[in-house]
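*Asks:* The following block contains a protein sequence and its predicted model.
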Amino acid sequence: MAIKISGTTVINDSRNIENIGVATATTFSGNITGTAATFTGNVTITGTGTTALLVNGNARVTGILTVGSSSITLNGSTDRITVGSGLTLSSGGITAGIITASAFVGDGSGLTGVGIGSTGNVNTSGIITASAFVGNGAGLTGVGIGSTGNVNTSGIITASAFVGDGSGLTNLPSSEFSDGFIPEDQKLISIDTTLNNSQSNISFAEDLVIGAGVTFTVSTGTTVRMDALGVINSSSVTSNVVTVTEDLDIPNGTTAQRINTPTSGSFRYNSQYEMLEVYTGSQWLQVVTSSIIDRGVFGGAGNPNANIIDYITISTTGNATDFGDLTGSRRLLSACSSSTRGIFGGGYSTTNTIDYITIGSIGNASDFGDLTQARFNNAACSSSTRGVFGGGAIPTRLNTIDYITIATIGNATDFGDLTQTRSTLGACSSTTRGVFGGGYTPSPFTGVNTIDYITIATTGNAIDFGDLTTTRHQLAACSSSTRGVFGGGVQSGSLVNTIDYITIATTGNATDFGDLTAIPRELGACSSSTRGVFGGGYSPSPTNVIDYITIATTGNATDFGDLTVARAQVSACSNSHGGLS
């Protein structure tokens, strides 16, 4: 049986209406119960609390079920749940399941436990953080490693630059450097390493340290530049050798560009003075690069003036050999030198000319520049870098001191004054101190025993050192790095063969050394670090005699050989004197 009610029927009865058929109505108010109920059309249920719609069994919606004011719509025909803009999901969220989406909107900052299982591309302008990557990462672009932990890989890491010292890198191949600048404070080569042709320009900012027993090979066509080169644990290494088949660029720069705290054995090229130098632990010393390590050179001659230059090998004995010519003929000049360059300054007729030669290569002299004052009968001494000229006459006697930088051609500069105006004096030097001894003063006209000294690297007036053993002039001097020796000259109008010596670092009077074989005046002298040589002079006529002494041992001179021409009023220098040791 079916009851169809077209209008509105209100049953005010607390009893239930039971029906086993179909009840059709436009509106129901109250509870509807039963084992099964089918609604067609739209159904609106109005209730209170949590009992607005209570389904104890299964419920199927084949149309659209709307909850709230269009907040959630369940569309059974499209199997889609639509969440409206006014809906907020509770903190309970949706758990233990899988959310599959074609897109996320927002930054995903609230997502947790999220993994990316897609086999497609993941595109993001933000940051992806992962505890692990699976695969070789070949498709990753714009990737940076920001981890402070370890990065472990069995593949290849390629980078345009490394930041840090790379001390934690392991399993590097032997050719571990590429072209460029290595800025670390120190680079330790701990495994056998080869720089090949493709690595053509490697620069190290500080030290390159080669480990004990390690071979470091630089192939042809490869250039390595560094500030220092060292070997660690050298006591355990039989042979420490760096072999370069083409060239090795070492640190270079001016004197002012030396590092502040060099280590003993540091090696560099001084571009200011054009020389190699090594640090001994207390000072920088020049490295003698010429294969001619002890050459003495005699220049000039008088009566008549001559431009003769001849040379000897100081460590041997024998006659002198022709070297070349000065730029002009002159006598009564002075000479000084570095390990490579010889300098001749002043002379008579009164001139300010300075000539130079390359001591290791025979040939004629070239113009260097001019003294501050034209003069003759002056004396000169030098360190490895600076030459100093003192005294002289024009013919008025002078106390002038001027200096040059030996490696740089140009005019001399004022240095200071001697303690006395005098000429025909002798001079010698250590690496730091120049000493002028003897000479002839204008008032009264007489020889003196005065010795005064300067510090070569500075400027200023000379200071009293002490006295020679006798008053004399027209003498010559030479030195080792510690001892200065003065020989020959005129004493009270008579020629003498006296030799006396001083300890350059200690002021005080000279001590008798011995005698020359001849009795000369206006002679020349030069030295190596161990041997002094005196040559030429008037005795009383011009002589070609060359004598030598062992500077460290007192005693008389021994015959060495002969100059190429007997002559006086000559000067001499060498590439191995005491100012260079």
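*Replies:* The structure has been received and is ready for your questions.
*Asks:* drop to CA atoms for contacts and neighbour counts, all remaining ones
*Replies:* OK.
*Asks:* pLDDT below threshold where in the stretch 451-581 of the chain?
*Replies:* Low-confidence segments of the stretch 451-581 of the chain (pLDDT under 70): 581.
*Asks:* And the strands in it, which stretches?
*Replies:* Secondary structure of the stretch 451-581 of the chain (DSSP state E, counting those that start in this stretch): strands located at 463-472, 476-479, 483-487, 490-491, 494-495, 498-503, 511-515, 524-527, 531-535, 545-550, 558-562, 571-574.
*Asks:* what are the phi and psi angles of the nearest residue to Arg521 once chain neighbours are set aside?
*Replies:* Closest residue to Arg521 apart from its sequence neighbours, by CA to CA, 6 or more residues apart in numbering: Gly489 at 4.4 Å. With angles defined as degrees, to the nearest 10, Gly489 shows backbone torsions of phi 120, psi -170.
*Asks:* what's the neighbour count on Gly489?
*Replies:* Summarising burial for Gly489: neighbours were counted as other CA atoms under 10 Å, giving 32.
*Asks:* again with Ser541
*Replies:* Ser541 sits with 12 neighbouring residues when counted by other CA under 10 Å.
*Asks:* thinking again about what came up before, just checking, the residue nearest to Arg521 touches Ala477?
*Replies:* No. Under the criterion of CA atoms under 8 Å, Gly489 lies out of contact with Ala477, with a separation of 10.5 Å.
*Asks:* Surely Arg483 is in contact with Tyr501?
*Replies:* Yes. Using CA under 8 Å, Arg483 and Tyr501 qualify as a contacting pair, with a distance of 6.8 Å.
*Asks:* between the two, who's got more neighbours?
*Replies:* The neighbour comparison of Arg483 against Tyr501 (other CA under 10 Å) goes to Tyr501, with 24 against 21.
*Asks:* Where do the domain boundaries of this protein fall?
*Replies:* Partitioning the chain according to automatic domain parsing yields domains covering residues 250-287, 295-580.
*Asks:* winner for burial among those?
*Replies:* For those, ranked by mean neighbour count under the definition mean count of other CA atoms under 10 Å, the leader is domain 295-580 at a mean of 23.
*Asks:* First-to-last residue distance for that one?
*Replies:* Chord length of domain 295-580, first to last residue, is 13 Å (CA to CA, to the nearest Å).
*Asks:* now do stretch 331-351
*Replies:* Distances were taken as CA to CA; on that basis the terminal residues of stretch 331-351 are 10 Å apart.
*Asks:* Could you do stretch 386-399 as well?
*Replies:* Across its full length, stretch 386-399 reaches 19 Å between end residues, using CA to CA.
*Asks:* I'd like to check what contacts that stretch. Which residues are they?
*Replies:* Contacts made with stretch 386-399 from outside it, assessed by CA atoms under 8 Å, 6 or more residues apart in numbering, are listed as 334, 336-338, 345, 350, 374-382, 400-406, 417-425, 436, 441-442, 456-457.
*Asks:* Could you do stretch 493-509 as well?
*Replies:* Stretch 493-509 has contacts (CA under 8 Å, 6+ apart) with 429-430, 433, 435, 465-469, 482-490, 510-521, 539-540.
*Asks:* Could you do stretch 349-357 as well?
*Replies:* Stretch 349-357 has contacts (CA under 8 Å, 6+ apart) with 326-327, 330-331, 341-347, 363-376, 394.
*Asks:* Which phi and psi values does Ala256 adopt?
*Replies:* Backbone geometry at Ala256, expressed as degrees, to the nearest 10, gives phi -70, psi -20.
*Asks:* any idea how far Pro395 is from the closest residue to Val485 other than its chain neighbours?
*Replies:* Of all residues beyond its chain neighbours, the one nearest Val485 is Tyr501 (4.4 Å), with distances taken as CA to CA, 6+ apart. Plainly put, Tyr501 is 29 Å away from Pro395 if you go by CA to CA.
*Asks:* ok, back up a step: who's the residue nearest to Val485 bridged to?
*Replies:* The bridge-partner assignment for Tyr501, based on DSSP bridges, gives Val485, Thr511.
*Asks:* can you tell me which residues contact the residue nearest to Arg521?
*Replies:* For Gly489, the contacting residues are 472-476, 495-498, 519-522, taking CA under 8 Å, 6+ apart as the criterion.
*Asks:* let's go with 7 Å and repeat that
*Replies:* If you count contacts by CA atoms under 7 Å, 6 or more residues apart in numbering, Gly489 has them with Arg472, His473, Gln474, Leu475, Leu495, Val496, Pro520, Arg521, Glu522.
*Asks:* what about the fourth one, distance to Gly537?
*Replies:* The one in question is Leu475. Shown here: Leu475 relative to Gly537, a distance of 10 Å by CA to CA.
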